[in-house]
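Chemist: please work out how this folds:
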Amino acid sequence: MVATAEAESKSVVVPSLWTLLSAMAPIIAIIGIVALNAFDPEDEYRKRLFEAYKLIEEEGFGNLEPMGREYAYAKYARVTIKTDVDRFFMRLLKFYKDVADVLDKAMIGWPAAKEESLYLTVSRLWSAFTHFYIQLDYVIILLTGYLGRAAAPVFRKDPLRKIMPLDAVNGIAARLRSIEEKQSWLTNRKCIWILDKVEDEKNYTFASLINDVTACTHVLLDYARTVLDPELKEAYPGISVKNPNPVLLDAVIGWRKTLTKLYELGVAYHNDYSPTRSIIVGNKAELIVGSSPGHAVHVDISDNSITATYYDKDNDVHEVLMSVAKSIGVDVVGHEAGEYTTFSVPANKHYLLFKCILPFATSLDLRIYDQLTQRNAWSLLSFEDVYRIQVRYNFDTKRTEVHLILNAIKTLKLDRA
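Modeler: This next block holds a predicted model:
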């Protein structure tokens with residue numbers, strides 16, 4: 001209390017500096033805690049990513065997916081605008097818009113040249129959520145319009161054809177396939193099951209529609225949950241982990257180091273190399289190996305072996321990598337032309353897969369064209385040597401690429417631990 005009279009002022013005992021500091025200690029501590037927990041302005045994008053993660057966990061997995069499953073199983077329930085459209089589809093539409101908006105804000109505030117590969121992943125995720133929103137909005141417009149004019153009660157077991165013409169049903173089917181195609185490039189997983197099984201789209205029911213929309217939602221949210229998980233920590237540049245298997249982490253670090261070396265040698269362009277990153281959770285890993293959507297590898301490790309499934313629409317790339325695998329003793333245990341190839345190696349020889357095969361998937365044309373025009377882009381061999389190799393194989397690009405990869409493996413000593 002401040003004294004106002006002279007007598008009072010004379011009687012006041014001035015506290016020591018130590019007494020003042022002791023009294024203020026709790027306030028200083030609170031200020032310190034707030035300061036420690038405050039986000040750096042550059043980390044604002046991280047706050048946005050966490051906000052998106054919470055939306056996905058709480059609203060997506062917590063409310064909308066269970067609701068979709070419940071509605072799909074209740075086949076004898078009546079379809080109404082209030083229950084099916086407003087309560088489920090419109091809520092789902094708002095959810096997709098909310099997540100897309102948060103991701104958009106995260107990208108706007110993203111610091112320049114920081115975590116470029118994560119930025120590209122988030123931008124693809126934003127694109128998938130936005131695309132889902134646009135396609136779902138079209139489906140809702142059709143459902144609302146035709147349900148509002150339905151003359152008789154409609155149940156979820158009934159085909160869509162009961163209230164709308166076949167071209168409208170085909171339009172909904174096309175939107176669902178567009179959703180699957182868009183996000184499968186990101187997740188490498190299909191999400192439509194019932195639509196692909198019905199013999200005729202005119203037999204596609206309301207329950208089936210809800211089921212397929214919910215299934216596609218699950219696949220996309222499952223991928224987003226992994227990418228945005230706040231518990232992921234960076235173990236090595238471009239490698240985020242959560243309780244990683246140590247052998248798998250060692251293998252992925254080998255991939256990253258080899259890929260960086262190839263980039264420095266001019267085998268990969270910056271726009272191919274910069275998006276590459278990997279996420280390891282326990283005994284599984286996802287590798288983004290290029291700039292094209294869906295250019296990815298899924299990895300699993302067991303006690304004695306590692307399998308890696310490489311996804312790419314370019315079958316020539318698959319054929320080259322399979323030829324290299326055969327030459328160095330890596331097993332090919334699965335393949336579908338223009339879709340995927342699965343490789344397998346003993347866990348103690350993971351370097352054969354992660355250093356000798358997967359790094360070359362990032363840019364498998366190996367800059368051969370550049371070598372013949374710029375003369376120094378492929379720095380492991382001279383211009384003349386590359387040209388002689390092409391002549392030797394009668395300008396067969398795939399055989400030339402296999403030769404160049406095997407030469408790089410030998411020159412860089414990649415086929416050893």
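
Chemist: the closest residue to residue 60 other than its chain neighbours: what's it in contact with?
Modeler: The shortest distance from residue 60 to any non-neighbouring residue, by CB to CB, 6 or more residues apart in numbering, is to residue 221 (4.6 Å). All C-beta spots, glycine's among them, are computed from the backbone N, C-alpha and C. Shown in contact with residue 221 (CB atoms under 8 Å, 6 or more residues apart in numbering): 56, 60, 61, 65.

Chemist: identify the residues contacting the second one.
Modeler: If I follow you right, that is residue 60. Residue 60 neighbours (CB under 8 Å, 6+ apart): 95, 99, 217, 221.

Chemist: how near is the last one to residue 228?
Modeler: Counting by CB to CB, to the nearest Å, the separation of residue 221 from residue 228 is 10 Å.

Chemist: how about the strands in the stretch 301-417 of the chain?
Modeler: 305-311, 331-336, 340-346 (DSSP state E, counting those that start in this stretch).

Chemist: reformat the ones you listed as CSV; add mean neighbour count, distance to residue 277 and mean pLDDT.
Modeler: Output for these, formatted as CSV (neighbours: other CB atoms under 10 Å; distance: least, CB to CB, whole Å; pLDDT from 0 to 100):
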stretch, mean neighbour count, distance to residue 277, mean pLDDT
strand 305-311, 21, 16, 93
strand 331-336, 14, 24, 93
strand 340-346, 20, 20, 94
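
Chemist: with distance to residue 354 added, can I get the ones you listed in JSON lines?
Modeler: Formatted as JSON lines, the strands of the stretch 301-417 of the chain follow (distance: least, CB to CB, whole Å):
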{"stretch": "strand 305-311", "distance to residue 354": "8"}
{"stretch": "strand 331-336", "distance to residue 354": "15"}
{"stretch": "strand 340-346", "distance to residue 354": "9"}
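
Chemist: between the ones you listed, which gets nearest to residue 82?
Modeler: Residue 82 lies closest to strand 305-311 among these, at 41.9 Å (CB to CB).

Chemist: so what strands line up beside that closest one?
Modeler: strand 296-301 (antiparallel), strand 340-346 (antiparallel) (DSSP bridges).

Chemist: on the three-state scheme, residue 234 is what?
Modeler: Look at residue 234: counting by DSSP: H, G, I helix; E, B strand; the rest coil, its state is strand.

Chemist: the nearest residue to it once chain neighbours are set aside sits in which helix or strand?
Modeler: Nearest residue to residue 234, sequence neighbours excluded (CB to CB, 6+ apart): residue 240, at 5.6 Å. Element membership for residue 240 (DSSP states H and E) is strand 239-242.

Chemist: I'd like the next helix or strand past that strand.
Modeler: helix 246-264.

Chemist: quick one: that following helix to chain centroid distance?
Modeler: How far helix 246-264 lies from its chain's middle: 19 Å, per CA atoms, centre = their mean, to the nearest Å.

Chemist: who are the packing partners of that helix?
Modeler: strand 233-236, strand 239-242, helix 270-273, strand 277-281, strand 284-288, strand 296-301, strand 305-311, helix 351-354 (3 or more CB pairs under 8 Å, 6 or more residues apart in numbering; DSSP states H and E).

Chemist: now those as a markdown table including distance to residue 124?
Modeler: Shown next, in a markdown table, are those (distance: least, CB to CB, whole Å):
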| stretch | distance to residue 124 |
| --- | --- |
| strand 233-236 | 20 |
| strand 239-242 | 16 |
| helix 270-273 | 14 |
| strand 277-281 | 12 |
| strand 284-288 | 9 |
| strand 296-301 | 11 |
| strand 305-311 | 14 |
| helix 351-354 | 24 |
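
Chemist: so which of the ones you listed is nearest residue 126?
Modeler: strand 284-288 (15.7 Å).

Chemist: what lines up beside that closest one in the sheet?
Modeler: strand 277-281 (antiparallel), strand 296-301 (antiparallel).
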